[in-house]
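K.L.:
how does the following fold in three dimensions:
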Amino acid sequence: MGTGSPPPHDFLNLATLLGIPKAALDEMFWQKLWALRVMIPAIVVSFDSVHQTVTVQPAIQENMLQNGVVTPTNLPQLVNVPVCLPRAGGLAITLPLAAGDEGIVIFADMCIDAWWQSGGTANNQVERRRHDLSDGMFYPGGWSQPRVLPNYSTTMAQLRTDDGTVYVGVNETGIYFNGPIQGAVTFAGTVEFQADVTVDTDLTVDGTTKLGGKTFATHSHSGVTTGSSDTGPPV
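P.N.:
Below is the predicted model:
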């Protein structure tokens, strides 16, 4: 390193170096940043379940100067926005998105058109865009205070309805269900019930069933007597 005098403590700022008044330079930067999109909350207008895209309305208005008057103005609806949900390893978590759902839109560094159409990594920019409204990706969630979840569990992870009446919960003590189970259920291993079980419809069992330690399909009874007498308990 050189042995000259150390640099001064107060460096020249950019406005001074360029000979531009600071206020004017700040305004120039503001105008550039105004067109740079990063993230915005948005409301679902419609969901395309085939292409897995949404049309969304940005939820924050932009202050626009109209005829010399600062006027809050809605940003345009964003169409064909790809939906981002957890997916990997041949598995996916899906959500039945509906109009009115909240979320956030994140805007990509570059034009995403070629990637969205073809996938893979060999995708050149179709247009020269940076953080543009056209390159948003929608992440469901990030809700506002009027839509907070009631009875939010602080002891388990849950897959639940908004009102909390139906859920599957998991923590270190086990798996918890609340609500009716619909459709066919197959248990591949041993199932143990440590509480009462109520069956409101037919129950078909193709394998061996034991009740009270007795084989249900093949057990015999004691005290069998021809006639109208009742048999004894199973043996």
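K.L.:
only C-alpha atoms from now on, for both contacts and neighbour counts.
P.N.:
Fine.
K.L.:
low-confidence ranges, this structure, go.
P.N.:
Residues of the chain meeting the criterion pLDDT under 70: 1-17, 30, 216-235.
K.L.:
name the single longest helix found in it.
P.N.:
For the chain, the helix that runs over the most residues, judged by DSSP state H, is helix 22-34.
K.L.:
could you export the helix or strand just after that helix as PDB, CA atoms only?
P.N.:
Sequence-wise, the next helix or strand downstream of helix 22-34 (DSSP states H and E) is strand 39-48. Output for strand 39-48, consisting of C-alpha atoms alone and laid out as PDB, is shown next (Å, rounded to 0.1, in the frame of the first residue of the first chain):
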ATOM      1  CA  MET A  39     -43.000  -7.900  -3.800                       C
ATOM      2  CA  ILE A  40     -46.600  -6.800  -3.200                       C
ATOM      3  CA  PRO A  41     -49.600  -8.300  -1.400                       C
ATOM      4  CA  ALA A  42     -52.300  -9.400  -3.800                       C
ATOM      5  CA  ILE A  43     -55.900 -10.800  -3.900                       C
ATOM      6  CA  VAL A  44     -56.900 -13.700  -6.100                       C
ATOM      7  CA  VAL A  45     -59.400 -12.800  -8.700                       C
ATOM      8  CA  SER A  46     -59.600 -16.200 -10.500                       C
ATOM      9  CA  PHE A  47     -57.700 -19.500 -10.500                       C
ATOM     10  CA  ASP A  48     -56.900 -21.600 -13.600                       C
END
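K.L.:
circling back to that earlier point, what is the longest helix of the chain packed up against?
P.N.:
Secondary-structure packing of helix 22-34 (3 or more C-alpha pairs under 8 Å, 6 or more residues apart in numbering; DSSP states H and E): helix 14-18.
K.L.:
how far away is residue 121 from residue 114?
P.N.:
Taking C-alpha to C-alpha, to the nearest Å as the measure, residue 121 falls 10 Å from residue 114.
K.L.:
ditto for residue 32
P.N.:
26 Å.
K.L.:
quick one: residues contacting the residue most central in space within the chain.
P.N.:
Nearest residue to the geometric centre of the chain (C-alpha atoms, centre = their mean): residue 140, 4.8 Å. Taking C-alpha atoms under 8 Å, 6 or more residues apart in numbering as the contact definition, residue 140 lies against 83, 84, 85, 101, 102, 103, 104.
K.L.:
again, but for residue 108
P.N.:
Contacts of residue 108 (C-alpha under 8 Å, 6+ apart): 38, 130, 131, 132, 135, 136, 137.
K.L.:
could you work out the most separated pair of the residues you listed?
P.N.:
Spanning the widest gap among the contacts of residue 108 are 130 and 137, at 13.9 Å by C-alpha to C-alpha.
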